[in-house]
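**Student:** take a look and give me a structure for this.
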Amino acid sequence: MARKPVFFSFHYDNDVMRVQQIRNIGALEGNTPVSANDWETVKRGGDAAVKKWIDDNFKYKQCVIVLVGEETSNRPWVKYEIEKAWNDGKPIFGIFIHNLKCPRNGVSRKGKNPFDNFNFKDGRALSSVVKCYDPSTNDTYNYIVKNMQGWVDAAIVQRE
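**Tutor:** This is a model prediction of the structure:
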C-alpha cells in the first residue's frame with residue numbers, strides 16, 4: 001500500500017517524543033520533523049513566518065492528523081492548522097496520544113478534544129463531524145499502528 005503524505009499537528013514542547021513514535025510507524029509519509037532549533041528560528045520570524053511555514057507544509061498533504069496531548073487544544077498554531085485544514089477541504093482527524101509513553105515524562109493526562117473549540121453556524125461543534133480517536137490504554141502504540149491507515153482512509157472518504 002502506498003504511503004500517504006500527511007501533516008501532523010501537535011504541541012511541540014509537550015508531545016514531540018510521543019509524536020516521534022507515531023512518525024516512526026512508517027505507514028504514512030509525515031511532514032519532516034522540524035528540530036527544536038529550526039522551530040525556534042521559524043518562531044523568531046513572527047506570526048507571518050510561522051503561518052508561511054504551516055501553509056508551505058500543508059501543500060500536497062492528503063490528510064491532517066492532530067495528535068492530541070494534554071495541552072494541545074489550547075495551542076494557537078494547532079487551532080490555526082485545524083481551521084485551515086477544514087476550510088481548505090483537507091481530510092482531518094485526531095488521535096489522543098496521552099497514553100503513549102514519553103521517555104522523559106511517561107504517560108500524561110488526557111487533553112480536551114480540540115475539535116470542540118470550533119462551531120458551525122448552526123451551533124454544532126466540529127467534533128460532531130471530525131473524529132478524534134482514543135486508542136486503547138492496553139498497548140496504545142500497537143493499537144495506533146493497527147488502525148492509523150484506516151483512520152486516514154476514512155477521513156479522506158468523509159471529505160470527498
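
**Student:** average pLDDT across stretch 16-28?
**Tutor:** Averaging pLDDT along stretch 16-28 yields 78.

**Student:** tabulate the CA atom coordinates of it in CSV.
**Tutor:** Only the C-alpha atoms of stretch 16-28 are listed here, as CSV (Å, rounded to 0.1, in the frame of the first residue of the first chain):
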residue,chain,number,x,y,z
VAL,A,16,7.4,15.8,20.5
MET,A,17,8.7,12.4,21.9
ARG,A,18,5.2,10.8,21.6
VAL,A,19,4.8,12.2,18.1
GLN,A,20,8.2,10.7,17.0
GLN,A,21,6.8,7.3,17.9
ILE,A,22,3.9,7.8,15.5
ARG,A,23,6.1,9.2,12.8
ASN,A,24,8.3,6.1,13.1
ILE,A,25,5.3,3.8,12.3
GLY,A,26,6.1,4.2,8.6
ALA,A,27,2.7,3.6,7.2
LEU,A,28,2.4,7.3,6.4
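
**Student:** hmm, who's touching that stretch?
**Tutor:** 1, 3-6, 8, 10, 30, 33, 36, 65, 67, 69, 95, 97, 100, 102-105, 141, 144-145, 148-149, 152 (CB atoms under 8 Å, 6 or more residues apart in numbering). C-beta here means a position set from N, CA and C on the backbone, and glycine is covered the same way.

**Student:** buried among these? Need that as a selection in PyMOL.
**Tutor:** To isolate the buried ones among the contacts of stretch 16-28 in PyMOL, judged by 16 or more other CB atoms under 10 Å, type:
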select buried, resi 4+6+8+10+30+65+67+69+95+97+100+102+141+144+145+148+152
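
**Student:** of the contacts of stretch 16-28, which belong to strands?
**Tutor:** Among those, the members falling in strands are 4, 5, 6, 8, 30, 65, 67, 95 (criterion: DSSP state E).

**Student:** go through the residues you listed and name the one with the lowest pLDDT.
**Tutor:** Scoring the ones in strands among the contacts of stretch 16-28 by pLDDT puts residue 30 last, at 55.

**Student:** so residue 60 touches residue 4, yeah?
**Tutor:** No: between residue 60 and residue 4 there is no contact under CB atoms under 8 Å: 10.9 Å.

**Student:** now for the protein, the helix or strand with the poorest mean pLDDT.
**Tutor:** strand 28-30 (a mean of 59; mean pLDDT, DSSP states H and E).
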